[in-house]
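Engineer: sequence and predicted model, in that order:
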Amino acid sequence: MTNTPTQHQNSVVAVFSQHSAAEDAIKKLKGGGFDIKKLAVVGRDYQTEQDVVGFYNTGDRMKYWGKWGAFWGGLWGLLFGAAFLIIPGVGPVVAAGSIVTWIIAALEGAVVVGGLSALGAGLYSLGIPKDSVLKYETSIKAGKFVLVAHGTAEEVAKARDMLKTSGAEQIDSYEPSTDAARVA
């Protein structure tokens, strides 16, 4: 992957209030033939004084402990890229998939998107317009899970159709020519 933002791609974003629905949607997309390298999921995990939160690498596989440990551990096995970060203003964030490279690039200063957090820059780099990034950051802060599928218009249309029955509370599509959302 290059360090050139991909905001000129098509993308579809689904917001889930339950991690199980987000996981089922990813499995549905994979089973339907969607290229899982073009998927990203971001959510928040909660630190408590009673539970250990952390991650570790055991060779070729990342392991995660926390409230959603089984969920994130499973996704990290499916999707390319994994991260656990504490982002100012958002809190502890867990990410899997294509967004991880963009968040890290933003943290390292390789991607600069005026006024956006590292998480926002990552979302922007996946084809989400700046004016829509804030609503997804707000959803993540509220404990929801944001799933992004990006690619060609045909790939994204197929993903959007599969996501319509996924239990998402919100599905938005973005096209590079208009940078405007269409609610599915």
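Structural biologist: Good, I have the coordinates. Residues are numbered from 1 along each chain as shown.

Engineer: wait, Asp172 sits on Val12?
Structural biologist: Yes - under the criterion of C-beta atoms under 8 Å, Asp172 makes contact with Val12 at 7.1 Å. All C-beta spots, glycine's among them, are computed from the backbone N, C-alpha and C.

Engineer: more neighbours: the two, which one.
Structural biologist: Val12 (27 against 21; other C-beta atoms under 10 Å).

Engineer: any idea how far the residue nearest to Ser117 when sequence neighbours are not counted is from Val93?
Structural biologist: Excluding the flanking residues, the one nearest Ser117 by C-beta to C-beta, 6 or more residues apart in numbering is Ile87, at 5.8 Å. Applying C-beta to C-beta, to the nearest Å, the value for Ile87 to Val93 is 5 Å.

Engineer: what's the answer for Ser17, then?
Structural biologist: 17 Å.

Engineer: still on that earlier bit, joint contacts of Ile87 and Val93?
Structural biologist: Each of Leu119 lies in contact with both Ile87 and Val93 under the rule C-beta atoms under 8 Å, 6 or more residues apart in numbering.

Engineer: poorly predicted segments of this structure, please.
Structural biologist: Flagging of the chain using pLDDT under 70 yields the residue ranges 1-8, 45-81, 110-113, 177-184.

Engineer: three-state assignment of Gly167?
Structural biologist: Of the three states, Gly167 takes coil according to DSSP: H, G, I helix; E, B strand; the rest coil.

Engineer: what's near enough to touch it?
Structural biologist: Neighbouring residues of Gly167 by C-beta under 8 Å, 6+ apart: Phe16, Gln18, Ala21, Asp24, Ala25.

Engineer: which ones among the residues you listed map onto helices?
Structural biologist: Using DSSP state H, Ala21, Asp24, Ala25 are the members of the contacts of Gly167 that sit in helices.

Engineer: and the nearest residue to the second one once chain neighbours are set aside, how many neighbours?
Structural biologist: Beyond its immediate neighbours in the sequence, the residue positioned closest to Asp24 (C-beta to C-beta, 6+ apart) is Ser166, lying 6.7 Å away. Here the count is done by other C-beta under 10 Å, and Ser166 has 18 residues near it.

Engineer: tell me which stretches of the chain form helices.
Structural biologist: In the chain, the helices defined using DSSP H lie at 19-31, 69-78, 99-107, 118-125, 130-141, 153-163.
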